[in-house]
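Asker: Below is the structure, and that's it, no one-letter string:
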Ligand SMILES: [Mg+2]
């Protein structure tokens, strides 16, 4: 079989409300590039990529000269053709490789008539557990609804998410307000939902000292782990020396070089694998296998996803033995999806692993067109800026005058 064409379509799908994080804001929508890899046998494979609010269409266009004529079954060769580690010093194509890998796995599954998990070792679970992803949110621009800022709003939001989706583990995305305020919010969550598990992720914006203070203050609560409190392997190592909490990361161990360093001199305990950051589903499985051998826990990170990327996370989650934690997804924050059947359904905090051949999802062409048009209308946005805080940018670690004010709506 041979690849004959690669088509990329940028879409924008609305979120319930703008999501605030330490580096900026998801401006009320996700921008994703949907990839269709065509073959000489008429089978089309689907891939997806994010990109911090921007389109990646041009980058996929540039891959055609490398990949037209490539056999989609040759997944290992694919990596060496477009993401050789030293050639990548000039053109880092890890995320592009991931989207093409998804599409090739989709093609192989469709050709053989088997779901992706069958190609990846076989599933050991039929459904995957998700944590709620709780963001501080600005109100929706159009409706004025959906704000999450005060402690009571956070509690109400989590209550609503539990009711709608059945989550029993909650991730508070912090790094927006002063850590003393976010600590109050976290403790209140623990008090109001005593049977549920919690995790806090300020996207590495705290100093080592603030991280230790936060860690000590939440020891004894029902924590899954503390995620990326501070920046850098050595920063994390210094925090880890002073708390018994497990530390997790999706920022400082995102490739095999860093994983090997973490094994030689541990800084984190739980590796949050991301099918995009690591260059595909297969590298995530390889990393999980290494983690299993060295007794590290793994879970799955969310870099924002529509149904195609979500399917890759589900197939990954289905085949990993060493996954003691619910995985992350922004998915419940979305208003819609571009796959046939609409958004996948959560039951008791879990989503069923697709069982149709390949990734098991298909494009809804009308939705694709609708959200491609919305992208053309609205364009991209800088994910690492806040539309309501002109001239603001964060520091790592952040300082007093850079935190948002918890008493202000905008
Ligand atoms: Mg994180």
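Answerer: Noted; the coordinates are in hand. Only a predicted model underlies this, so the values are computations on that prediction, with no experimental measurement involved.
Asker: and the stretch 101-250 of the chain, which residues reach the ion?
Answerer: 201, 227, 250 (Cβ under 5 Å from the ion). To be clear about C-beta, it is placed using only N, CA and C from the backbone, and glycine gets the same treatment.
Asker: could you point out which element follows the longest helix along the chain?
Answerer: Across the chain, the longest stretch assigned as helix under DSSP state H is helix 94-112. Proceeding C-terminally, helix 94-112 gives way to helix 116-119 as the next helix or strand, assigned by DSSP states H and E.
Asker: so residue 12 sits right up against residue 378, yeah?
Answerer: Yes. In this structure, residue 12 is within contact of residue 378 by Cβ atoms under 8 Å, at 5.7 Å.
Asker: Looking at these two, which is more packed in?
Answerer: Set residue 12 next to residue 378 and count neighbours by other Cβ atoms under 10 Å: residue 12 wins out with 24 against 14.
Asker: And the closest residue in space to that one that isn't next to it in sequence, which helix or strand is it part of?
Answerer: In this structure, residue 12 finds its nearest non-sequential neighbour in residue 375, 4.1 Å apart by Cβ to Cβ, 6 or more residues apart in numbering. Assigning secondary structure by DSSP H and E places residue 375 in helix 365-378.
Asker: Show me what that helix is packed against.
Answerer: Using 3 or more Cβ pairs under 8 Å, 6 or more residues apart in numbering; DSSP states H and E, the elements in contact with helix 365-378 are strand 3-14, strand 29-39.
Asker: Next, the angle strand 3-14 makes with it.
Answerer: Here helix 365-378 points in a direction 70 degrees away from that of strand 3-14 (axes from the mean of the first three to the mean of the last three Cα atoms, to 10 degrees).
Asker: Could you pull out the buried residues of helix 365-378?
Answerer: Neighbour-count burial for helix 365-378 flags 367-368, 371-372, 374-375 (criterion: 16 or more other Cβ atoms under 10 Å).
Asker: Just want the phi and psi numbers for the residue positioned nearest the centre of the chain.
Answerer: Compute the mean C-alpha point of the chain, and by Cα atoms, centre = their mean the closest residue is residue 302, 1.3 Å away. Backbone torsions of residue 302, given as degrees, to the nearest 10, read phi -110, psi 120.
Asker: ditto for residue 51
Answerer: phi 130, psi 30.
Asker: I'd like the numbering to begin with 33 instead of 1 from here.
Answerer: Okay, residue one is now 33; in that scheme the one you just asked about reads as residue 83.
Asker: count of residues packed around it?
Answerer: Residue 83: 20 surrounding residues under other Cβ under 10 Å.
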